[in-house]
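J.: no letters, just coordinates:
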Ligand SMILES: O=C(O)CCC(=O)C(=O)O
Ligand SMILES: [Fe+2]
């Protein structure tokens, strides 16, 4: 079972127990009662839908395969998260943190702090996403503060490591599963997320499946206003594999579906080597390696 966490009681002893269990056993939890209400989630999902419904030529203006950045539109087939499967049939729209050119971190991680690409003629789209992005980062950071005490670290362990976060907000659009889709075709193939923490909103349509430790897949659904949270490979490494990165997938159904993950990662220059190891592995370098394996246009480039 997936633990449920009340975001208004993150530091209560029973929540801390549930959080530790979620992070170290299942790798997934659902989160209610955050500062982001149902209406705001519905608004951001509606904004993404209005973008994905644009014709291809319009979206192609900000196709990341053409612009070469991981901002803007990713067409169906642009990513392959599992080398044993075909490229995912989902479409995506990505935006993230922008830093001014004179910021020392901007020089490093152009990929992570690059200017966003916005579609032309879509009123309110940018504002809706930016407002949601700000709120989602707060929710994610609060949850990390609670997680750090739940796993025996100081409450502020993560705080100043996430003040210029490589935080990517994505809209995933899954069309109805194509009639000719086969066993190697997925909305998103089985994978673990690369980063630290993923805060996912969905439109309430079923589709997400999570793999339990015995290998079975279970459905996880959340209505707008309830979030699904999971942990990624970077945090797994950072915490000496105390926190688990759990495989998940979307095969897809006859119903179209929108989901909105915030991939929440620390500042580019954060040392995410296993705690206590004395090694240095920069968060940005770690992430780059995994991105290069997944975004087909980066792998080719
Ligand atoms: O759409 C979903 O429910 C999951 C999406 C996902 O796993 C991802 O974007 O990494
Ligand atoms: Fe994922």
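T.: It's in. Please read all numbers here as calculations on a predicted model, not as lab measurements. Numbers count the residues shown, from 1 in each chain. Ligands and ions are numbered 1, 2, ... in the order given.
J.: doesn't residue 168 make contact with residue 262?
T.: Yes: assessed by Cβ atoms under 8 Å, residue 262 is found in contact with residue 168 at 7.4 Å. Every residue, glycine included, has its C-beta placed from N, CA and C.
J.: so what does residue 191 look like in phi/psi?
T.: phi -160, psi 160 (degrees, to the nearest 10).
J.: next, the contact list for it, please.
T.: Residue 191 is in contact with 81, 82, 247, 248, 249, counting by Cβ atoms under 8 Å, 6 or more residues apart in numbering.
J.: quick check, pLDDT for it.
T.: Per-residue pLDDT puts residue 191 at 97.
J.: got it, and residue 159?
T.: 88.
J.: pretty sure it sits against residue 138.
T.: No: between residue 159 and residue 138 there is no contact under Cβ under 8 Å: 11.9 Å.
J.: ok, back up a step: most widely separated two among the contacts of residue 191?
T.: 82 and 248 (11.4 Å; Cβ to Cβ).
J.: okay, and the common contacts of these two?
T.: 190, 191.
J.: comparing those two, which shows the higher neighbour count?
T.: residue 248 (23 against 17; other Cβ atoms under 10 Å).
J.: distance-wise, check that one relative to ligand 1.
T.: With distances taken as Cβ to the nearest ligand atom, to the nearest Å, residue 248 is found 5 Å from ligand 1.
J.: now do residue 280
T.: Taking Cβ to the nearest ligand atom, one finds residue 280 at 27 Å from ligand 1.
J.: ok, that residue - contacts?
T.: Contacts of residue 280 (Cβ under 8 Å, 6+ apart): 271, 273.
J.: wait, a helix at it?
T.: No: applying DSSP: H, G, I helix; E, B strand; the rest coil, one finds residue 280 to be coil, outside a helix.
J.: residues contacting the residue most central in space within the chain?
T.: Geometric centre of the chain, nearest residue: residue 263, 3.0 Å, by Cα atoms, centre = their mean. Counting by Cβ under 8 Å, 6+ apart, residue 263 touches 167, 168, 169, 170, 193, 194, 195, 198, 232.
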